[in-house]
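Asker: starting from these lines, generate the structure:
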Amino acid sequence: GYFLPTYEVIYMICKKNFKLAPKKNGVGDVWEFTQEMGNPHPAPFPLELIERIIDSTKAKIVLDPFMGSGTTAVAALNLKRDYIGIDISPEYCKMAESRIKAHIQKKDWDVSKWDQRKTSSKSKKRNEKKGTQLELI
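Answerer: Residues are numbered from 1 along each chain as shown. Sure thing, here's the model as predicted:
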């Protein structure tokens, strides 16, 4: 058989003078979370993991260049942060958009009072393949 690692390394890429949010450095270097179940994406991250990462920063806008099923967007919404999600796969863009809309409806948030939020799909030619970029701000 093959050995598959049961861990993932997380890199936080920050500006020069970045500091963690106050009292957010006490969680240690090794975090354990259960696998996300019921998500159609082949490699979903647990929502609690992403919420911990976002909550440990003072960031007002969260960028996810590989949005997948939209976990980062949902976590950002839960923490009242803005987000930008990008994915080249039209399938994942639709998946993320559906998940975000369902999450907003489930929370019964009045989105009419939010700052301008937009959902758009943009087709771009990359490596001779058409992809869709979903920007959810």
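Asker: measure stretch 6-14 end to end?
Answerer: 26 Å (CA to CA, to the nearest Å).
Asker: over to stretch 84-94?
Answerer: Note: stretch 84-94 ends 15 Å apart using CA to CA.
Asker: per-residue confidence averaged over that stretch?
Answerer: The pLDDT scores in stretch 84-94 average 94.
Asker: give me the buried positions along it.
Answerer: If you call a residue buried by 16 or more other CB atoms under 10 Å, then stretch 84-94 has these buried ones: 84-89, 92-93. Just so you know, the C-beta spots here come from the backbone N, C-alpha and C atoms, and that holds for glycine as well.
Asker: among those residues, which lie within helices?
Answerer: Assigned to helices by DSSP state H, the following of the buried residues of stretch 84-94 qualify: 92-93.
Asker: let's have the buried residues of stretch 84-94 in CSV, adding distance to N25.
Answerer: Listed next are the buried residues of stretch 84-94 as CSV, based on distance: CB to CB, whole Å:
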residue, distance to N25
I84, 26
G85, 27
I86, 29
D87, 31
I88, 34
S89, 35
Y92, 33
C93, 35
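Asker: how about the buried residues of stretch 84-94, which pair is most distant?
Answerer: The span of these, defined through CB to CB, is set by I84 and S89 at 16.5 Å.
Asker: how about the nearest residue to L20, chain neighbours excluded?
Answerer: Nearest residue to L20 in three dimensions, chain neighbours excluded: S56, at 5.3 Å (CB to CB, 6 or more residues apart in numbering).
Asker: please tell me I have it right and the one you found contacts K24.
Answerer: Yes: contact criterion CB atoms under 8 Å: S56 and K24 qualify, at 4.0 Å.
Asker: burial measure for V27, as a count.
Answerer: By other CB atoms under 10 Å, the residues close to V27 number 9.
Asker: so it makes contact with R52?
Answerer: Yes: between V27 and R52 there is a contact under CB under 8 Å: 6.9 Å.
Asker: show the pLDDT at the residue most central in space within the chain.
Answerer: Closest to where the C-alpha atoms of the chain average out (CA atoms, centre = their mean) is T72, at 1.5 Å. If you check T72, the pLDDT there is 95.
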